[in-house]
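> Got a predicted model here, sequence first, then my questions.
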Amino acid sequence: MSLRACAGLLLILGAGAVACGGKTDGDFDGGGTDGGGTDGGPGPSGPCPQAEPSYGAACSQANLECEYGGDPRTTCNRVWSCAGGSWAMAKTGDPTCPSTNSTSCPSDASLASGACGDPGATCDYSTSGASKWCACTFLGGPVQIDGGDQYTWQCSFGTMSGCPALRPRLGSACAQPDLECDYSVCGIPSGLSVRCEGSTGTWVTGMGAVCAGAN
């Protein structure tokens, strides 16, 4: 699937390179205690129930989101929201789920640089301690003589103050209200943005990167 990229790359998180390989349900370490069995539910120390809620079951903490599942992206997991005093599950319909690395991904993050020929390809090089994604994307620039855009490998790296190195699971505790943390490459792929919700003191789904000059 081809995804258009961004002229203003948002560089956010800590790096860590591992061998390239497809990510499947159960690979996500999510941060915190695994209170939901082998596929990684929210930790029991947080406000989210250890067992997944059921539709319409009563809840009392408005704006709370709870994530269940083992994928590294929220859009590929099961996200329950407490609204109007009852639980409901959001359905994203993300066609790129489950998260798997493109066959064009280099074997190591250190090799994900320079030109690339698979526009929109994404590669997960995360470790158990840090989230790191790379994408084959066009960041703008001079018009190419042959009429084609110059796609290059770009990776998320660096540190935003207050953001954990590893993408936190929705429903886990956070301390800085309205802090946005995005672990994608300018919004690619989706499901890597989180925000600290002040009313619950937990991470919820974020808005994602806003990039100038995307085409």
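Okay, I see it.

> For stretch 183-196, measure first residue to last.
14 Å (CA to CA, to the nearest Å).

> Equivalent analysis for stretch 121-131, please.
17 Å.

> before we move on, what about stretch 103-115?
16 Å.

> Only the buried residues of that stretch, if you could.
105-106, 109, 112 (16 or more other CB atoms under 10 Å). Using the backbone N, CA and C atoms, a C-beta is placed for each residue, glycine as well.

> what's the farthest-apart pair in those?
Cys105 and Ala109 (9.3 Å; CB to CB).

> which residues are common contacts for these two?
Common contact partners of Cys105 and Ala109 (CB atoms under 8 Å, 6 or more residues apart in numbering): 123, 134.

> hmm, back to that, and the buried residues of stretch 103-115 as CSV, adding secondary structure, pLDDT and distance to Ser54?
Output for the buried residues of stretch 103-115, formatted as CSV (DSSP: H, G, I helix; E, B strand; the rest coil; pLDDT from 0 to 100; distance: CB to CB, whole Å):
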residue, secondary structure, pLDDT, distance to Ser54
Cys105, coil, 97, 38
Pro106, coil, 96, 43
Ala109, helix, 91, 40
Ala112, coil, 93, 42
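
> and which of these is nearest Ala165?
Ala109 (14.4 Å).

> The closest one and Cys136, how far apart?
From Ala109 across to Cys136, the span is 13 Å (CB to CB, to the nearest Å).

> try Asp94
For Asp94, the distance to Cys136 - CB to CB - is 19 Å.

> go on, Thr92?
23 Å.

> Looking only at neighbour counts, state which of the two leads.
Cys136 (26 against 16; other CB atoms under 10 Å).

> Go ahead and confirm Cys181 touches Leu166.
No - when contacts are counted by CB atoms under 8 Å, Cys181 is not listed as touching Leu166 (10.3 Å).

> Now for Trp153: which residues touch it?
106, 112-116, 134-136.

> give me the beta-bridge partners of Trp133?
Beta bridges link Trp133 to Asp124, judged by DSSP bridges.

> Pull the contacting residues for it.
122-126, 155-156, 183-185, 188-189, 192.

> give me that answer again for 6 Å
With contact taken as CB atoms under 6 Å, 6 or more residues apart in numbering, Trp133 is in contact with 124, 156, 185.

> And the pLDDT for the second one?
The reference is to Ser156. Ser156 is assigned 86 on the pLDDT scale.

> And for Thr96?
91.

> Doesn't it belong to a strand?
No - read with DSSP: H, G, I helix; E, B strand; the rest coil, Thr96 is coil and lies in no strand.

> all numbers from here: first residue = 28
Got it, the first residue is 28 from now on, which makes the last one we talked about Thr123.

> What's the local residue count around it?
Counted with other CB under 10 Å, Thr123 comes out at 17.

> Repeat that for the one 5 residues further on.
Using other CB under 10 Å as the criterion, Asn128 is surrounded by 18 other residues.

> in terms of contact, does it touch Cys150 like I think?
Yes - between Asn128 and Cys150 there is a contact under CB atoms under 6 Å: 5.1 Å.
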